[in-house]
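[1] starting from these lines, generate the structure:
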Amino acid sequence: MKNKQRTLFATMLFATGAIVGWPFALALSLPFVFEELFIFSGDQVEPSARTLWMISRWKRLFTAGLVSALIFVGDC
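    Got it, this is the predicted structure:
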């Protein structure tokens, strides 16, 4: 993986944009979410490791979503 923080930063920026500014910013995040969960991008993944790779990506995106939810809680 080239940049492990990419998911966290992108998720936080989409969440911040949706909460602070424009609620439909979350709709703009759908291509990013699809790419994060299903496309290898620059990752070199062996066929035998694809399941673990996908699970780690799902966990990372879910964790980033939870961290981004803290922005909403802090904003209220």
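
[2] what distance do you get for residue 27 to residue 17?
    Distance, residue 27 to residue 17, by C-beta to C-beta, to the nearest Å: 11 Å. Placement of C-beta: from N, CA and C, glycine included.

[3] check contacts around residue 11.
    By C-beta atoms under 8 Å, 6 or more residues apart in numbering, residue 11 lies in contact with 29, 61, 64-65, 67-68.

[4] okay, residue 27 and residue 17: which has more neighbours?
    Counting neighbours by other C-beta atoms under 10 Å for residue 27 and for residue 17 shows that residue 17 has the greater number, 16 against 11.

[5] nearest residue to that one in space, please, no chain neighbours.
    residue 25 (3.7 Å; C-beta to C-beta, 6 or more residues apart in numbering).

[6] spit out the contact partners of that neighbour.
    Residue 25 makes contacts with 14, 17-18, as judged by C-beta under 8 Å, 6+ apart.

[7] in helices, which of these fall?
    Secondary structure defined by DSSP state H assigns residue 14 of those to helices.

[8] got the contacts of residue 25 as CSV, with pLDDT and distance to residue 5 columns?
    Formatted as CSV, the contacts of residue 25 follow (pLDDT from 0 to 100; distance: C-beta to C-beta, whole Å):
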residue, pLDDT, distance to residue 5
14, 80, 15
17, 79, 18
18, 78, 20
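
[9] and which of the contacts of residue 25 is nearest to residue 49?
    residue 14 (28.3 Å; C-beta to C-beta).
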